[in-house]
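# Let's see this in three dimensions:
(one chain, ligands or ions: 3)
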Amino acid sequence: MTAVKSIAVLTSGGDSQGMNAAVRAVVRSALYHGVKVFGVQRGYQGLINNDITEMDLRSVGDIIQRGGTILQTARSKEFTTPEGQQLGAENLRNRGIDGLIVIGGDGSYQGANKLSKLGIKTMGLPGTIDNDIAFTDFTIGFDTAVSIVVDAINKLRDTMTSHERSSVVEVMGRHCGEIALYAGLASGAETILVPEVPHDCQEIAKRMSDNFAHGKRHSIILVAEGAGKGDDIARQIMEHNGIDARVTVLGHIQRGGTPTHTDRILASRLGDFAVRRLIEGDSGKSCGVIKGELVATDIDLVVNTKRPFNMELYNLALRLSQ
Ligand SMILES: Nc1ncnc2c1ncn2[C@@H]1O[C@H](COP(=O)(O)OP(=O)(O)O)[C@@H](O)[C@H]1O
Ligand SMILES: O=P(O)(O)OC[C@H]1O[C@](O)(COP(=O)(O)O)[C@@H](O)[C@@H]1O
Ligand SMILES: [Mg+2]
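Ligands and ions are numbered 1, 2, ... in the order given. Coordinates of the predicted model:
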C-alpha cells in the first residue's frame, strides 16, 4: 500500500543540466512502484494554468543526456501570491494528485514550502547550477556548470599567457560564489571574487603585479556576478596596476549542454529517492546527498538556512595560485 497514488513533477526557476535526468527518474520510479505520474509545464505557472499531463515510460525516453528541461520552466510572479498558491494546490487536488516533486533552486524551494504548508505532500529536489541550497553537498547541474567554466578558462589561459595579459571571467552566482570557488580552484585562477568574501581591488592589483614581477605570464580573475561586474573589476584593477585586462562574461553558456555523468547520477538517485519517500508517507522535505548518502531534510529548515561558504577551499585556491 503506497501513501500516494498519483504524483506530479515540475521544474522551476533557472534551468540546470540534469533536470531532465531527474524528471526521468521521477517518472520511471513512480511507474515502477505503480504510482500515476503527471508532468506540470512551466513550473508553478503550469500549476496555476492547470497545464498538467499524464506521463508514461516513453514520455521520458531519450532525455537523460539533454540539458534544459522537457517540462519547460518559468519564473511565476503570480505564484508568489497566496491566491496563486491556493489555486495551484486546488488544481492538483481536483485531479486527485496527492504528491508533488519540485525540481528547482532556492526560489522554487520557497514555493514548495508554501505548498507543503497548504497540505500538498511536497518533496524538493535541488536543481540549480548555483549550488546554493543547504543540506546537500551538491545541486543538480553544478558539476556540469563548473566543468564548462573550467573548460573556458583553459582556453583563455592559452591566449592570455601568450600575450602576458590578465583575464577577468564573470560567472553566474547572483548570491552565491560556489561556481567561482570550484571553477577557480580547479583551473588555478589567481583571484576568486565571491559575494561571501569582501574584496579590495587595490590589494588584488598589487598581488597581480608582484606575481608578474616573479615570472607569472598570465592572471585569471574569476568573478561571481554577485561580487561585481567583470567590466568594473577589470577597470579598477587596471587603474591600480596598468596591466592589460580582458573581460569574458560566460553567461547562459554555463546553463546549457549535456549534463556530466556526475549530475546524471545525482539526478537519478535524488529523483528515485523523492518518489520512494512520498510512497512511504514522507512529505515537506528536501532531498539531498551528504557525504554520498541520500538525506531528506525539512524543507522549512532548508529554506531558512544559508549554505555555509567553504573558506577551506577558498584559502587553498589562494595558497596554490601564488
Ligand atoms: N517566497 C516565495 N513564495 C512562493 N513562491 C516563490 C517564492 N520565491 C520564489 N517563488 C517561486 O519560485 C519561482 C522560481 O524562483 P527563482 O528564484 O526564480 O528560481 P530558482 O528556483 O532557480 O532559485 C519563482 O518564479 C516563484 O514562482
Ligand atoms: O538570466 P536568468 O535566467 O535570470 O538567470 C541568471 C541567473 O541564473 C542563476 O544561475 C540561477 O538563478 P535562479 O536561482 O534565479 O534560478 C543565477 O546565478 C543567475 O543570476
Ligand atoms: Mg535561485
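# Relative to ligand 3, which residue of the protein is the closest?
Taking Cβ to the ion as the measure, the point where the chain comes nearest ligand 3 is residue 105, at 3.4 Å. Backbone N, C-alpha and C define where each C-beta goes, glycine included.
# Give me the neighbour count for the closest residue in space to that residue that isn't next to it in sequence.
When the adjacent residues along the chain are set aside, residue 105 lies closest to residue 128, with 3.3 Å between them (Cβ to Cβ, 6 or more residues apart in numbering). The burial count assigned to residue 128 is 28, neighbours taken as other Cβ atoms under 10 Å.
# tell me the phi and psi of residue 128?
Geometry field for residue 128 lists phi and psi as phi -170, psi 140, criterion degrees, to the nearest 10.
# Who are the contact partners of it?
The contact partners of residue 128, by Cβ atoms under 8 Å, 6 or more residues apart in numbering, come to 13-14, 16, 104-106, 139-142.
# give me the number of residues near the closest residue to ligand 2 within the chain?
Per Cβ to the nearest ligand atom, the residue of the chain with the smallest distance to ligand 2 is residue 14, at 2.5 Å. Here the neighbour count serves as a burial measure; for residue 14 (other Cβ under 10 Å) it reads 21.
# Now residue 269: closest residue in space, sequence neighbours ignored.
Once flanking residues are discounted, residue 269 sits nearest to residue 294: 6.3 Å by Cβ to Cβ, 6+ apart.
# From the contacts of residue 128, which land in strands?
residue 104 (DSSP state E).
# the helices in the chain, which residues?
Secondary structure of the chain, counting by DSSP state H: helices at 19-32, 43-49, 82-94, 106-117, 142-163, 178-187, 201-213, 230-241, 261-279, 299-303, 311-320.
# got the residues of the protein near ligand 1?
Of all the residues in the chain, those in contact range of ligand 1 (Cβ under 6 Å from any ligand atom) are 12-14, 44, 75-76, 79-80, 104-108, 110-111, 114, 128.
# again, only this time at 8 Å
Remark: the part of the chain in contact with ligand 1 comprises 12-14, 16, 43-45, 74-80, 84-85, 104-111, 113-114, 127-128, 130, 132, using Cβ under 8 Å from any ligand atom.
# mind listing what residue 267 touches?
In this structure, residue 267 makes contact with 18-22, 25, 125, 127, 140, 259, judged by Cβ under 8 Å, 6+ apart.
# Among those, which pair sits farthest apart?
Spatially, the most separated pair among these is 125 and 259, at 13.9 Å (Cβ to Cβ).
# Which helix or strand in this protein has the lowest average pLDDT?
Every helix and strand in the chain was compared by mean pLDDT, DSSP states H and E; the lowest is helix 201-213, with a mean of 92.
# near ligand 3, which residues of the stretch 51-200 of the chain show up?
When proximity is defined by Cβ under 5 Å from the ion, the stretch 51-200 of the chain lies next to ligand 3 at 105-107.
# Cross-check those against ligand 2 and keep the overlap.
Residues shared between those and the neighbourhood of ligand 2 are 105-107 [Cβ under 8 Å from any ligand atom].
# now that we have the residues you listed, which one has the most neighbours?
residue 105 leads these on contacts (other Cβ under 10 Å) with 25 neighbours.
# Share the number of residues neighbouring residue 58, please.
The burial count assigned to residue 58 is 8, neighbours taken as other Cβ under 10 Å.
# Nearest residue to the middle of this structure?
Residue closest to the mean C-alpha point of the chain, counted by Cα atoms, centre = their mean, is residue 128 at 1.9 Å.
# Quick check: that residue vs residue 30, distance?
Residue 128 sits at a distance of 23 Å from residue 30 (criterion: Cβ to Cβ, to the nearest Å).
# Residue 167 now?
For residue 167, the distance to residue 30 (Cβ to Cβ) stands at 47 Å.
# Thought residue 129 was touching the residue of the chain closest to ligand 2, still the case?
Yes: with contact defined as Cβ atoms under 8 Å, residue 14 counts as touching residue 129 (7.0 Å).
# what sits in contact with each of those two?
Taking Cβ under 8 Å, 6+ apart as the contact rule, the neighbours common to residue 14 and residue 129 are residue 255.
# Look at residue 215 and report its pLDDT.
If you check residue 215, the pLDDT there is 89.
# make that residue 23, sorry
For residue 23, the model assigns a pLDDT of 99.
# do you know how far it is from residue 275?
Distance, residue 23 to residue 275, by Cβ to Cβ: 11 Å.
# for residue 69, same thing?
In this view, residue 69 and residue 275 are 18 Å apart by Cβ to Cβ.
# and the residue nearest to residue 177 when sequence neighbours are not counted, how many neighbours does it have?
With sequence-adjacent residues excluded and distances taken as Cβ to Cβ, 6+ apart, residue 177 is closest to residue 194, at 2.4 Å. Neighbour count of residue 194, defined by other Cβ under 10 Å: 23.
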